[in-house]
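Participant: pasted the sequence and its predicted model underneath.
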Amino acid sequence: RQGDVRLSLQGVDAFYGQIQALRGVSLEVRQGEIVTLLGSNGAGKSTTLKTISGLVRARQGDVCLEGESIARLPAHQIARRGVVHVPEGRRVLRGLTVKENLELGAFTLKDNALRRQRLEEVYALFPILHERRHQDGSLLSGGQQQMLAMGRALMHGPNVMLLDEPSMGLAPKLVTEIMRIIKRLNEAGTTILLVEQNARLALRLAHYAYVIENGEIRMQGDAAAMREDASVVKAYLGLG
Ligand code: ATP
(Lines give C-alpha, C1' and ligand atoms only; values in the text may rest on other atoms or scores of the structure.)
Protein backbone atom coordinates (compact mmCIF):
# COMPACT_ATOMS: atom_id res chain seq x y z
CA ARG A 1 0.00 0.00 0.00
CA GLN A 2 1.21 3.46 -0.85
CA GLY A 3 0.56 6.86 0.68
CA ASP A 4 0.77 8.23 4.19
CA VAL A 5 -1.52 6.84 6.85
CA ARG A 6 -4.39 9.28 7.21
CA LEU A 7 -6.59 7.50 9.67
CA SER A 8 -5.89 4.58 11.96
CA LEU A 9 -7.60 2.55 14.64
CA GLN A 10 -5.40 0.66 17.04
CA GLY A 11 -6.87 -2.05 19.22
CA VAL A 12 -10.23 -0.34 19.61
CA ASP A 13 -12.84 -1.79 21.97
CA ALA A 14 -16.28 -0.18 21.98
CA PHE A 15 -19.39 -0.94 23.99
CA TYR A 16 -23.09 -0.13 24.12
CA GLY A 17 -23.69 -0.47 27.84
CA GLN A 18 -22.62 -4.05 28.60
CA ILE A 19 -22.63 -5.13 24.95
CA GLN A 20 -19.22 -5.19 23.36
CA ALA A 21 -19.53 -4.14 19.71
CA LEU A 22 -15.82 -3.83 18.79
CA ARG A 23 -12.99 -6.07 19.95
CA GLY A 24 -9.48 -4.84 19.37
CA VAL A 25 -10.22 -3.34 15.96
CA SER A 26 -7.13 -2.11 14.12
CA LEU A 27 -7.21 -0.69 10.63
CA GLU A 28 -5.54 1.91 8.44
CA VAL A 29 -6.74 4.23 5.74
CA ARG A 30 -4.03 5.79 3.63
CA GLN A 31 -4.07 9.05 1.73
CA GLY A 32 -5.98 8.72 -1.54
CA GLU A 33 -7.38 5.27 -0.86
CA ILE A 34 -10.87 3.86 -0.94
CA VAL A 35 -10.89 1.33 1.86
CA THR A 36 -13.93 -0.84 2.38
CA LEU A 37 -15.09 -2.47 5.58
CA LEU A 38 -17.21 -5.54 4.88
CA GLY A 39 -19.28 -7.69 7.18
CA SER A 40 -22.75 -8.99 7.82
CA ASN A 41 -25.56 -7.39 9.82
CA GLY A 42 -24.49 -6.42 13.30
CA ALA A 43 -20.81 -7.22 12.69
CA GLY A 44 -19.70 -3.78 13.89
CA LYS A 45 -19.30 -1.79 10.69
CA SER A 46 -21.41 1.21 11.68
CA THR A 47 -19.91 1.22 15.16
CA THR A 48 -16.42 1.42 13.64
CA LEU A 49 -17.42 4.55 11.71
CA LYS A 50 -19.08 6.04 14.79
CA THR A 51 -15.94 5.46 16.80
CA ILE A 52 -13.98 7.44 14.22
CA SER A 53 -16.41 10.35 14.00
CA GLY A 54 -16.79 10.59 17.76
CA LEU A 55 -20.38 9.37 18.13
CA VAL A 56 -19.20 6.33 20.08
CA ARG A 57 -16.16 6.40 22.38
CA ALA A 58 -13.40 3.80 22.26
CA ARG A 59 -13.09 2.27 25.72
CA GLN A 60 -9.69 0.82 24.83
CA GLY A 61 -7.24 1.60 22.08
CA ASP A 62 -6.82 4.72 19.99
CA VAL A 63 -8.15 6.49 16.91
CA CYS A 64 -5.61 8.68 15.12
CA LEU A 65 -5.83 11.22 12.34
CA GLU A 66 -2.44 11.87 10.77
CA GLY A 67 -0.79 10.28 13.77
CA GLU A 68 -2.60 12.45 16.31
CA SER A 69 -5.18 10.99 18.65
CA ILE A 70 -8.76 12.14 18.03
CA ALA A 71 -10.31 9.56 20.36
CA ARG A 72 -11.23 12.14 23.00
CA LEU A 73 -12.31 14.98 20.73
CA PRO A 74 -15.98 15.96 20.48
CA ALA A 75 -17.64 15.02 17.19
CA HIS A 76 -17.84 18.58 15.86
CA GLN A 77 -14.08 19.04 16.27
CA ILE A 78 -13.42 15.80 14.42
CA ALA A 79 -15.65 17.07 11.60
CA ARG A 80 -13.76 20.36 11.64
CA ARG A 81 -10.55 18.42 11.03
CA GLY A 82 -12.00 17.16 7.78
CA VAL A 83 -13.41 13.79 8.79
CA VAL A 84 -17.03 13.68 7.70
CA HIS A 85 -19.50 10.90 8.40
CA VAL A 86 -22.43 10.12 6.09
CA PRO A 87 -24.57 7.90 8.31
CA GLU A 88 -26.79 5.06 7.23
CA GLY A 89 -30.38 6.13 6.63
CA ARG A 90 -29.47 9.51 5.20
CA ARG A 91 -31.04 11.77 7.84
CA VAL A 92 -32.46 14.35 5.50
CA LEU A 93 -34.17 17.05 7.53
CA ARG A 94 -37.86 17.45 6.91
CA GLY A 95 -39.17 21.00 6.71
CA LEU A 96 -35.92 22.22 5.17
CA THR A 97 -35.35 22.65 1.46
CA VAL A 98 -32.62 20.79 -0.38
CA LYS A 99 -30.52 23.95 -0.38
CA GLU A 100 -31.04 24.50 3.35
CA ASN A 101 -30.07 20.88 4.03
CA LEU A 102 -26.87 21.46 2.07
CA GLU A 103 -26.11 24.75 3.80
CA LEU A 104 -26.47 23.03 7.14
CA GLY A 105 -23.51 20.91 6.12
CA ALA A 106 -21.37 24.02 6.01
CA PHE A 107 -22.35 25.44 9.41
CA THR A 108 -18.69 25.55 10.39
CA LEU A 109 -17.80 27.68 7.36
CA LYS A 110 -17.53 31.40 8.12
CA ASP A 111 -16.44 32.24 4.59
CA ASN A 112 -19.55 32.95 2.49
CA ALA A 113 -17.71 32.90 -0.83
CA LEU A 114 -16.29 29.47 -0.03
CA ARG A 115 -19.72 28.24 1.01
CA ARG A 116 -21.19 29.39 -2.32
CA GLN A 117 -18.34 27.75 -4.19
CA ARG A 118 -18.89 24.44 -2.39
CA LEU A 119 -22.61 24.64 -3.12
CA GLU A 120 -21.83 25.11 -6.82
CA GLU A 121 -19.49 22.10 -6.70
CA VAL A 122 -22.17 19.94 -5.11
CA TYR A 123 -24.71 21.06 -7.72
CA ALA A 124 -22.23 20.25 -10.48
CA LEU A 125 -21.78 16.76 -9.07
CA PHE A 126 -25.50 16.22 -8.46
CA PRO A 127 -27.49 18.29 -10.98
CA ILE A 128 -30.76 16.87 -9.64
CA LEU A 129 -30.10 18.62 -6.31
CA HIS A 130 -29.87 21.91 -8.14
CA GLU A 131 -33.13 21.23 -9.94
CA ARG A 132 -34.84 20.38 -6.66
CA ARG A 133 -33.07 22.95 -4.49
CA HIS A 134 -36.28 24.72 -3.38
CA GLN A 135 -38.17 21.52 -2.56
CA ASP A 136 -38.48 19.99 0.86
CA GLY A 137 -35.58 17.53 1.25
CA SER A 138 -37.83 14.80 2.61
CA LEU A 139 -39.79 14.71 -0.68
CA LEU A 140 -36.76 13.43 -2.61
CA SER A 141 -36.54 9.80 -3.72
CA GLY A 142 -34.24 7.42 -1.81
CA GLY A 143 -31.42 7.84 -4.29
CA GLN A 144 -31.75 11.61 -4.28
CA GLN A 145 -31.73 11.63 -0.47
CA GLN A 146 -28.48 9.66 -0.57
CA MET A 147 -27.07 12.28 -2.93
CA LEU A 148 -28.27 15.01 -0.56
CA ALA A 149 -26.59 13.29 2.40
CA MET A 150 -23.34 13.03 0.45
CA GLY A 151 -23.68 16.60 -0.81
CA ARG A 152 -24.15 17.84 2.73
CA ALA A 153 -20.98 16.04 3.79
CA LEU A 154 -19.12 17.57 0.84
CA MET A 155 -20.10 21.06 2.02
CA HIS A 156 -17.56 20.53 4.84
CA GLY A 157 -14.81 20.08 2.25
CA PRO A 158 -13.79 16.73 3.78
CA ASN A 159 -10.37 15.12 3.53
CA VAL A 160 -11.78 11.83 4.72
CA MET A 161 -15.33 10.63 4.08
CA LEU A 162 -16.90 7.86 6.10
CA LEU A 163 -19.73 6.37 4.04
CA ASP A 164 -22.18 4.00 5.71
CA GLU A 165 -23.98 1.76 3.20
CA PRO A 166 -24.60 4.36 0.50
CA SER A 167 -26.16 1.71 -1.75
CA MET A 168 -28.77 0.59 0.75
CA GLY A 169 -32.30 0.41 -0.60
CA LEU A 170 -31.40 1.90 -3.98
CA ALA A 171 -32.38 0.60 -7.39
CA PRO A 172 -29.43 -0.93 -9.31
CA LYS A 173 -29.17 2.02 -11.69
CA LEU A 174 -28.85 4.49 -8.81
CA VAL A 175 -26.34 2.25 -7.06
CA THR A 176 -24.15 2.45 -10.16
CA GLU A 177 -24.55 6.22 -10.19
CA ILE A 178 -23.60 6.57 -6.51
CA MET A 179 -20.57 4.30 -6.97
CA ARG A 180 -19.45 6.36 -9.96
CA ILE A 181 -19.65 9.50 -7.84
CA ILE A 182 -17.68 7.91 -4.99
CA LYS A 183 -14.98 7.01 -7.49
CA ARG A 184 -14.96 10.53 -8.86
CA LEU A 185 -14.68 12.08 -5.39
CA ASN A 186 -11.79 9.77 -4.63
CA GLU A 187 -10.04 10.72 -7.86
CA ALA A 188 -10.48 14.37 -6.90
CA GLY A 189 -8.50 13.71 -3.71
CA THR A 190 -10.95 12.54 -1.04
CA THR A 191 -9.87 9.57 1.03
CA ILE A 192 -12.79 7.23 1.64
CA LEU A 193 -13.76 4.58 4.17
CA LEU A 194 -16.76 2.75 2.75
CA VAL A 195 -18.96 0.42 4.76
CA GLU A 196 -20.96 -1.94 2.58
CA GLN A 197 -23.03 -5.06 2.83
CA ASN A 198 -22.78 -5.37 -0.92
CA ALA A 199 -19.27 -6.82 -0.91
CA ARG A 200 -19.10 -7.47 -4.61
CA LEU A 201 -19.75 -3.83 -5.37
CA ALA A 202 -17.42 -2.50 -2.70
CA LEU A 203 -14.53 -4.73 -3.78
CA ARG A 204 -14.83 -3.44 -7.32
CA LEU A 205 -14.44 0.13 -6.12
CA ALA A 206 -11.99 -0.17 -3.22
CA HIS A 207 -8.23 -0.46 -3.18
CA TYR A 208 -8.03 -2.28 0.13
CA ALA A 209 -10.54 -4.22 2.23
CA TYR A 210 -11.13 -5.39 5.77
CA VAL A 211 -13.67 -7.98 6.87
CA ILE A 212 -15.23 -7.61 10.31
CA GLU A 213 -17.14 -10.35 12.09
CA ASN A 214 -18.52 -10.22 15.59
CA GLY A 215 -16.67 -6.98 16.29
CA GLU A 216 -13.30 -8.39 15.21
CA ILE A 217 -11.26 -7.85 12.05
CA ARG A 218 -10.98 -11.32 10.51
CA MET A 219 -9.34 -10.63 7.18
CA GLN A 220 -7.66 -7.88 5.22
CA GLY A 221 -5.99 -7.44 1.88
CA ASP A 222 -5.95 -5.78 -1.51
CA ALA A 223 -9.47 -5.57 -2.85
CA ALA A 224 -8.44 -7.20 -6.12
CA ALA A 225 -6.96 -10.18 -4.28
CA MET A 226 -10.01 -10.46 -2.03
CA ARG A 227 -12.25 -10.69 -5.08
CA GLU A 228 -10.33 -13.79 -6.11
CA ASP A 229 -10.08 -15.32 -2.65
CA ALA A 230 -12.27 -18.42 -2.51
CA SER A 231 -13.07 -18.09 1.20
CA VAL A 232 -14.16 -14.47 0.75
CA VAL A 233 -16.20 -15.36 -2.28
CA LYS A 234 -17.92 -18.15 -0.39
CA ALA A 235 -18.60 -16.24 2.82
CA TYR A 236 -19.31 -12.75 1.52
CA LEU A 237 -20.05 -12.76 -2.16
CA GLY A 238 -22.78 -15.34 -1.99
CA LEU A 239 -21.22 -17.89 -4.33
CA GLY A 240 -20.59 -21.51 -3.42
P1 ATP B 1 -25.78 -3.09 10.36
O2 ATP B 1 -25.43 -3.08 8.95
O3 ATP B 1 -26.93 -3.98 10.70
O4 ATP B 1 -25.89 -1.72 10.99
P5 ATP B 1 -23.17 -3.23 11.53
O6 ATP B 1 -22.11 -4.15 11.08
O7 ATP B 1 -23.07 -1.82 11.13
O8 ATP B 1 -24.56 -3.82 11.08
P9 ATP B 1 -23.29 -2.26 14.22
O10 ATP B 1 -24.47 -1.38 13.98
O11 ATP B 1 -21.97 -1.62 14.32
O12 ATP B 1 -23.24 -3.37 13.10
O13 ATP B 1 -23.58 -3.13 15.51
C14 ATP B 1 -22.63 -3.93 16.17
C15 ATP B 1 -23.25 -4.56 17.41
O16 ATP B 1 -23.61 -3.56 18.35
C17 ATP B 1 -24.51 -5.36 17.12
O18 ATP B 1 -24.51 -6.49 17.95
C19 ATP B 1 -25.61 -4.42 17.51
O20 ATP B 1 -26.76 -5.13 17.95
C21 ATP B 1 -25.01 -3.64 18.65
N22 ATP B 1 -25.53 -2.27 18.70
C23 ATP B 1 -25.46 -1.33 17.72
N24 ATP B 1 -26.03 -0.18 18.09
C25 ATP B 1 -26.47 -0.37 19.36
C26 ATP B 1 -27.13 0.45 20.33
N27 ATP B 1 -27.44 1.73 20.06
N28 ATP B 1 -27.43 -0.10 21.51
C29 ATP B 1 -27.09 -1.39 21.80
N30 ATP B 1 -26.47 -2.20 20.95
C31 ATP B 1 -26.15 -1.72 19.76
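Facilitator: Ah, there it is.
Participant: now residue 92. Nearest residue, chain neighbours left out?
Facilitator: residue 137 (4.3 Å; CB to CB, 6 or more residues apart in numbering). Just so you know, the C-beta spots here come from the backbone N, C-alpha and C atoms, and that holds for glycine as well.
Participant: number of residues surrounding that neighbour?
Facilitator: Residue 137 has 27 neighbours, counted by other CB atoms under 10 Å.
Participant: who's in contact with it?
Facilitator: Applying CB atoms under 8 Å, 6 or more residues apart in numbering, we find residue 137 in contact with 92, 93, 94, 96, 97, 98, 100, 101, 145, 148.
Participant: can you pull the contacts of the most centrally placed residue in the chain?
Facilitator: Centroid check for the chain by CA atoms, centre = their mean gives residue 163 as the closest residue, at 1.6 Å. For residue 163, the contacting residues are 86, 150, 182, 192, 193, 194, 195, by CB under 8 Å, 6+ apart.
Participant: from those residues, which is closest to the ligand?
Facilitator: residue 195 (6.6 Å; CB to the nearest ligand atom).
Participant: can you pull the contacts of the closest one?
Facilitator: Residue 195 is in contact with 36, 37, 45, 46, 48, 49, 88, 162, 163, 164, 165, counting by CB under 8 Å, 6+ apart.
Participant: now pLDDT, distance to the ligand and secondary structure too, for those, in JSON lines please.
Facilitator: As requested, the contacts of residue 195 are exported to JSON lines (pLDDT from 0 to 100; distance: CB to the nearest ligand atom, whole Å; DSSP: H, G, I helix; E, B strand; the rest coil):
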{"residue": "36", "pLDDT": "96", "distance to the ligand": "13", "secondary structure": "strand"}
{"residue": "37", "pLDDT": "96", "distance to the ligand": "8", "secondary structure": "strand"}
{"residue": "45", "pLDDT": "95", "distance to the ligand": "3", "secondary structure": "helix"}
{"residue": "46", "pLDDT": "95", "distance to the ligand": "3", "secondary structure": "helix"}
{"residue": "48", "pLDDT": "98", "distance to the ligand": "7", "secondary structure": "helix"}
{"residue": "49", "pLDDT": "97", "distance to the ligand": "8", "secondary structure": "helix"}
{"residue": "88", "pLDDT": "82", "distance to the ligand": "6", "secondary structure": "coil"}
{"residue": "162", "pLDDT": "96", "distance to the ligand": "12", "secondary structure": "strand"}
{"residue": "163", "pLDDT": "95", "distance to the ligand": "12", "secondary structure": "strand"}
{"residue": "164", "pLDDT": "94", "distance to the ligand": "7", "secondary structure": "strand"}
{"residue": "165", "pLDDT": "92", "distance to the ligand": "6", "secondary structure": "coil"}
